[in-house]
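A.B. asks: Next comes the sequence, and after it the predicted model I'd like to discuss.
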Amino acid sequence: MNQEFYKKLVDLYAGRELPSDLEDQMEFAAFGDSELSHDMTTLRRTVDTLRADSGPEFSEESYQRVLMKLYARGANIEPKAAAPVHLQYHLPMQG
């Protein structure tokens, strides 16, 4: 396979989504191409780090901070609240 094809497969290699035989071919091709080798190792390391990260903590304080920034920028956001019970109509039962 040509080097251009291998460069297109780097993202699949980084995510460990390639079959083992194709992964071996890519690693063999990376011996001759330092740019491909660099892309493969750094991208795989990045994907592994992102998968190991638990993600951001989003608390009530974070929610309020984001909401205040949106209000400051002029966003018209109204939180959805259930209609109070005393404003609901009571319909008669049909028999």
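C.D. replies: Great, that's in hand. Since the model is a prediction, treat every value here as computed from it, not as a measurement.
A.B. asks: Please name the residues that touch Asp33.
C.D. replies: By C-beta atoms under 8 Å, 6 or more residues apart in numbering, the contact set of Asp33 is Gln3, Tyr6. Yep, even glycine has a C-beta here, placed from its N, CA and C like the rest.
A.B. asks: how far away is it from Gln3?
C.D. replies: As for Asp33, its distance to Gln3 is 6 Å (criterion: C-beta to C-beta, to the nearest Å).
A.B. asks: got it, and Leu91?
C.D. replies: According to C-beta to C-beta, Leu91 stands 73 Å off from Gln3.
A.B. asks: what does Pro92 give?
C.D. replies: Noted for Pro92: a distance of 78 Å to Gln3, by C-beta to C-beta.
A.B. asks: So the two - more neighbours on which side?
C.D. replies: Gln3 (13 against 5; other C-beta atoms under 10 Å).
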